[in-house]
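Engineer: Got a predicted structure plus its sequence, pasted below:
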Amino acid sequence: MKNVIQSQTGNYTIGSYELPLAVWQMEINSMKQRFIVPDTSFGTLAKKKKEALTAKVKSCIGKYMSKKHLVQLVEKLKKRNADLESRNNELDAFSYSVSHDLKGPLRGIYSYGKILEEECINSLDAEGKKVIQLILQNSKKMEQLINDLLAFSKLGRKDTVTQDINMRALVKTVTGELLSLPFSGKEKIELTIHDILPASGDQGLVKQVWVNLVSNAFKYSGKKSKSVIEIGSCSKGDENVYYIKDNGAGFDMKYYDKLFGVFQRLHSENEFEGTGIGLATTRRIIQKHRGRIWAESKLNEGTIFYFSLPALDGKQG
């Protein structure tokens, strides 16, 4: 150290001051503590800074990789949705084409059947007359099936026009139109329509939902001594749930998976008429409205169908 000289006695002198060795060592230690950072402290500080920097770099890389991964997932999802939409469009186009092409030959079969009935009926025996009637009946049934299939295929390409729907008025219109038609057991129907909440959706499509469900309730309860039909709704969060309950034939819930399938029937055609497309169409309409449809039933006791649609805030039907 500058101007520090060690004397012959072993002490140190600074200028004209002589300090004992012990005192000098104490002073040196004090200076070290005040002005000198130990190597270990510096190493710890540098390590902490390094760890913090490493963590920050890893975080940035993680965010970048997460974003990149998310972008990749979104692109994959877009591609899969596009593929699914393309396949659905192809299936709808195929169904439409097949159904449309079948109508021509079917009209020919029906027309020839009518000619035979009108011109040859007197020359036919009972069995021949029965065969002609079967040809005409099955031709009409096939025509209805094709029309239902065409309507089902068109539904996939139809854009929904969303509007506020007065569901109570719509239900009254549907039930009134159906009850004005001639069918067996109409006089036995006991219909109760509760307050029904309004909804948001395509009124034409939602009307078809009610037509399908109400006509089913009339049909499957038609063999009861009294047909008891109940229609209502309730609010659940941001959606309204609508229901139609009947005391009809019901079905075994173990066959529930077939309920909304195309051409799936839980009752034989001899018991109840139908093409097996109505409930499939109903489900497709509800799904287009981002809603849900489900059912509860007991064989020979009746069925309740539920479906949900987006609610209108604070409005009652």
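Structural biologist: In hand now; what should we look at?
Engineer: Tell me which helix or strand residue 177 sits in.
Structural biologist: Per DSSP states H and E: residue 177 is located in helix 167-179.
Engineer: Could I get the buried residue list for that helix?
Structural biologist: Neighbour-count burial for helix 167-179, counted by 16 or more other CB atoms under 10 Å, picks out 167, 168, 170, 171, 174, 175, 178. In short, each C-beta sits where N, CA and C put it, glycine included.
Engineer: need the helices for the chain, in chain order.
Structural biologist: 21-35, 39-120, 126-155, 167-179, 203-220, 278-288 (DSSP state H).
Engineer: Please convert those helices to TSV, extending it with mean pLDDT and distance to residue 161.
Structural biologist: Below are these laid out as TSV (pLDDT from 0 to 100; distance: least, CB to CB, whole Å):
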stretch	mean pLDDT	distance to residue 161
helix 21-35	54	83
helix 39-120	71	19
helix 126-155	77	14
helix 167-179	93	15
helix 203-220	90	8
helix 278-288	87	11
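Engineer: Could you give the number of residues near the closest residue to residue 238 other than its chain neighbours?
Structural biologist: If the residues on either side of it in the chain are set aside, residue 238 comes closest to residue 311, at 5.8 Å by CB to CB, 6 or more residues apart in numbering. For residue 311, the count of nearby residues is 19 (other CB atoms under 10 Å).
Engineer: cool, and residue 151?
Structural biologist: Counted with other CB under 10 Å, residue 151 comes out at 14.
Engineer: State the distance from it to residue 244.
Structural biologist: 21 Å (CB to CB, to the nearest Å).
Engineer: ditto for residue 217
Structural biologist: Applying CB to CB, the value for residue 217 to residue 244 is 6 Å.
Engineer: Between the two, which contacts overlap?
Structural biologist: Contact criterion CB atoms under 8 Å, 6 or more residues apart in numbering; residues shared by residue 217 and residue 244: residue 229.
Engineer: Looking at those two, which one has more neighbours?
Structural biologist: For residue 217 versus residue 244, neighbours defined as other CB under 10 Å are more numerous around residue 217 (28 against 22).
Engineer: Contact partners for that one?
Structural biologist: 227, 229, 244, 245, 246, 248, 303.
Engineer: Out of these, which one has the lowest pLDDT?
Structural biologist: Minimum pLDDT for the contacts of residue 217 is recorded at residue 248 (86).
Engineer: Look up how far residue 222 lies from that residue.
Structural biologist: 7 Å.
Engineer: Ok, residue 119 next?
Structural biologist: 37 Å.
Engineer: Neighbour count: the two, which is higher?
Structural biologist: residue 222 (18 against 9).
Engineer: quick one: the more buried one and residue 185 touch, right?
Structural biologist: Yes: proximity of residue 222 to residue 185 meets the contact threshold set by CB atoms under 8 Å, at 4.0 Å.
Engineer: Of the buried residues of helix 167-179, which is the nearest to residue 126?
Structural biologist: residue 178 (36.4 Å; CB to CB).
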